[in-house]
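Visitor: quick one, fold the following:
(one chain, ligands or ions: 1)
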Amino acid sequence: MKTDDISYFRPAIAAMSGYTPGEQPKVSNLIKLNTNENPYPPSPQVDEVLRQFAAGKLRLYPEPMADTLRDVIAALNGVSRENIIAGNGSDDILTIAVRSFCDAERPLACPDPTYSLYPALAEIQGAPCRRIALNDDFSLPEDLAAQAAGANLLLLARPNAPTGNLFPKEEIVRLCAAFDGMVLIDEAYVDFAADNCLDLAMNCPNVIVSRTMSKSYALAGARVGYAVSQSETIAGMMKVKDSYNLNMLTQRIAAAAFQDRAYLRQTVNRILATRARVAAELSRIGFAIIPSSTNFLFASPPDGDGGRYFELLRQNHIIVRYFPGARTGRYVRISIGSDADMDRVMAVTHQIYG
Ligand SMILES: *Cc1c(COP(=O)(O)O)cnc(C)c1O
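Guide: Sure thing, here's the model as predicted:
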């Protein structure tokens, strides 16, 4: 019998509030710069796949391990199929990792601030989460490995979100060597950054790198992510994933988009050019900006009141992301949109602080 005051949920689930994704407002004529989506369309090769795809094929299950797609990803990264696991978005990869490495006795560790999904995944799994404060400039504390000691998995976004900075690679190398546990380096924004940690994933037995097609490839709606690691680690994670975690259409779209290297370079370069222009203009108005290696800017207005700037942009139909809190509340996170969108942001910003 189920009465209103009895919950059969696990206590950990009943007590949690759940991860809140950035809003996807239904109204049009909004400038939407709150979830780091790409302002440009995906590769035209994706349209081609959609044109040629026959619905009748959906009668069959997709490739369970996404082998064709994994071969494409492996070739691009100069590794083998056995080093790759594909995910239904990189959030799926993160879920698989937390389920693989964390439980009540095997805590998760992650910096603070970082991607707010990480602690939510630990909560779902019934694993403690140790949040390690970044320095005031959002750099890594020197003793991070010591502070994370005892955790079994360390989740590290590099470039970090929502701050946008790129922790120096030497520090990551030292950290991975010093930490007794798995380190998952979340490279969701790596295509906008100067370097990556793929070599660590291949050379260190305790390192996993994850990537996504949601940002640089403009495929957030398709849900594609992947992880690279040594084959033993990938084989273990394969046991944890849903049997058919990527649908058939997504596998084909992803393979086509990955192979269009020229298109990726072109859209990334456009976004980088817009980012540089907007960062310079905001700086001239007196904004403090964290150096960005991503497709967004973490920027603090001249009066240090991120909440007020967020509200004023909103009143002007521009949606950005605001993270309340002692440190993050001084900033807003602005995704880099099209040049026209960013011109509108700058016009409103000049009105507010001019
Ligand atoms: C956007 C983002 C992801 C999620 O990517 P999906 O592939 O869309 O699930 C993962 N990590 C970070 C840090 C992100 O910002």
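
Visitor: how about the nearest residue to Lys32, chain neighbours excluded?
Guide: Nearest residue to Lys32, sequence neighbours excluded (CB to CB, 6 or more residues apart in numbering): Ile319, at 5.3 Å. For the C-beta atoms, the positions are set from N, CA and C on the backbone; glycine is no exception.

Visitor: confidence score at the one you found?
Guide: If you check Ile319, the pLDDT there is 97.

Visitor: Ile334: what secondary structure?
Guide: Under DSSP: H, G, I helix; E, B strand; the rest coil, the three-state class of Ile334 is strand.

Visitor: now do the contacts for it.
Guide: Leu33, Val278, Phe296, Leu297, Ala299, Val320, Val345 (CB atoms under 8 Å, 6 or more residues apart in numbering).

Visitor: contact partners for the nearest residue to Pro205 once chain neighbours are set aside?
Guide: Spatial nearest neighbour of Pro205, excluding adjacent residues (CB to CB, 6+ apart): Gln230 at 5.6 Å. By CB under 8 Å, 6+ apart, the residues touching Gln230 are Asn83, Ala201, Met202, Pro205.

Visitor: so where's this structure shaky on pLDDT?
Guide: Applying pLDDT under 70 to the chain flags residues 1-4.

Visitor: for the spatially most central residue of it, give its distance to the ligand.
Guide: Residue closest to the average C-alpha location in the chain (CA atoms, centre = their mean): Ala188, at 4.1 Å. As judged by CB to the nearest ligand atom, to the nearest Å, Ala188 and the ligand stand 4 Å apart.

Visitor: I'd assumed Tyr189 was in contact with Asp215.
Guide: Not quite, residue 215 is Lys, not Asp. Yes. Between Lys215 and Tyr189 there is a contact under CB atoms under 8 Å: 6.0 Å.

Visitor: would Ala340 count as being in a helix?
Guide: Yes. Counting by three-state DSSP, Ala340 is located in a helix.

Visitor: number of nearby residues for it?
Guide: For Ala340, the count of nearby residues is 9 (other CB atoms under 10 Å).

Visitor: if we can go back for a sec, would you list the phi and psi of the residue nearest to Lys32?
Guide: In terms of degrees, to the nearest 10, the main-chain angles of Ile319 are phi -100, psi 120.

Visitor: cool, and the one 10 residues further on?
Guide: According to degrees, to the nearest 10, the main-chain angles of Gly329 amount to phi -70, psi -10.

Visitor: do a quick rundown of the helices in this structure.
Guide: 11-15, 44-52, 67-77, 90-101, 117-125, 144-148, 169-178, 198-203, 231-238, 248-259, 261-285, 306-315, 339-353 (DSSP state H).

Visitor: look up the closest residue to Thr20, ignoring the ones flanking it.
Guide: Nearest residue to Thr20 in three dimensions, chain neighbours excluded: Ser116, at 8.0 Å (CB to CB, 6+ apart).

Visitor: still on that earlier bit, comparing the helices of the chain, which comes out most buried?
Guide: Among those, ranked by average contacts under mean count of other CB atoms under 10 Å, first place goes to helix 90-101 (a mean of 23).

Visitor: picking that back up, quick one: which of the contacts of Gln230 is nearest the ligand?
Guide: Nearest to the ligand among the contacts of Gln230 is Ala201, at 15.7 Å by CB to the nearest ligand atom.

Visitor: what about the closest one, distance to Ser231?
Guide: Look at Ala201 and Ser231: by CB to CB, to the nearest Å, they are 11 Å apart.

Visitor: overlap of the contact sets of these two?
Guide: Counting by CB under 8 Å, 6+ apart, the shared contacts of Ala201 and Ser231 are Asn83.

Visitor: ok, Ala178 touching Ala145?
Guide: Yes. Counting by CB under 8 Å, Ala178 touches Ala145, with 3.7 Å between them.

Visitor: now the residue in the stretch 251-354 of the chain that the ligand sits nearest to, nearest residue through space, not along the chain?
Guide: Using CB to the nearest ligand atom, the single residue of the stretch 251-354 of the chain nearest to the ligand is Thr294, 8.1 Å away. With sequence-adjacent residues excluded and distances taken as CB to CB, 6+ apart, Thr294 is closest to Tyr189, at 3.9 Å.

Visitor: the one you found contacts Tyr217, doesn't it?
Guide: No. With contact defined as CB under 8 Å, Tyr189 does not count as touching Tyr217 (12.0 Å).

Visitor: sorry, back to before: right, and the residue nearest to the centre of the chain touches Arg211 too?
Guide: Yes. Contact between Ala188 and Arg211 holds when scored by CB under 8 Å: they sit 7.1 Å apart.
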